[in-house]
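1. Pasting the sequence and the predicted model now:
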Amino acid sequence: MSMPKSAALVSSLLLVDLVAVTPAWAADIHFVAGPTLILEADGDELIVGISGTLDGLKKHEFVELTFFLLATHTVMCANFGGNEPTSKEVPSDFSIGFQLLLESETIDALFEIPDVATGVCPNSNWTATIEDIDVTLAELTITQGDESLECFLDEDGEFLC
């Protein structure tokens, strides 16, 4: 039993439509490298960053990057008078957002968050040092026009987009 010509024509038109739609998916915003979370402590300062390489961006249009981090960090308090050092876990949650006009698809955004250990130690005679950072939640959203890409940090410390 053979297929009527009209059915064969409709069938091949549908196939052409599906093939023609596929490249549009490839143009969406996506990472070709990264994103990578940068999280470091420098004394009582926390350094947070995102790095990666994007594709699918429109040239000469603003890109909005919004980053939210929920974490706890351990602060070690030391006193030069000979008192025993103490440590304390401190919650640190903050949201960072900015707009930028990317000259390339590469993102290297570092944020210094000073004095996250302020007020943890008994008084100003003690020196606060961040010892350990434990991330509970990290979310990254990249928006350009009506397109957006959302990424979440998994248990292994890798972003899933």
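-> Received the coordinates, thanks.

2. measure the residue minimising distance to the centre of the chain to residue 69 for me?
-> Nearest to the mean C-alpha position of the chain, by CA atoms, centre = their mean, lies residue 140 at 3.7 Å. Distance of residue 140 to residue 69, computed by CB to CB, to the nearest Å: 9 Å. Where C-beta positions appear, they are placed from N, C-alpha and C, glycine not excepted.

3. Is residue 35 within a helix or a strand, and which one?
-> Element membership for residue 35 (DSSP states H and E) is strand 30-42.

4. What strands line up against that strand, and which way round?
-> Strand 30-42 has the following strand partners under DSSP bridges: strand 45-55 (antiparallel).

5. The longest strand belonging to the chain pairs with which strands, parallel or anti?
-> With residue count as the measure and DSSP state E as the assignment, the chain has strand 126-144 as its longest strand. If you go by DSSP bridges, strand 126-144 pairs up with strand 63-79 (antiparallel), strand 147-153 (antiparallel).

6. Only C-alpha atoms, please: export the shortest one in PDB.
-> I take that to be strand 147-153. What follows is the C-alpha trace of strand 147-153 in PDB, where atoms were taken according to Å, rounded to 0.1, in the frame of the first residue of the first chain:
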ATOM      1  CA  GLU A 147      15.900  35.600  27.200                       C
ATOM      2  CA  SER A 148      17.400  34.300  30.400                       C
ATOM      3  CA  LEU A 149      19.500  31.500  31.700                       C
ATOM      4  CA  GLU A 150      19.200  30.200  35.200                       C
ATOM      5  CA  CYS A 151      21.900  28.100  36.900                       C
ATOM      6  CA  PHE A 152      22.000  26.500  40.400                       C
ATOM      7  CA  LEU A 153      24.900  25.000  42.300                       C
END
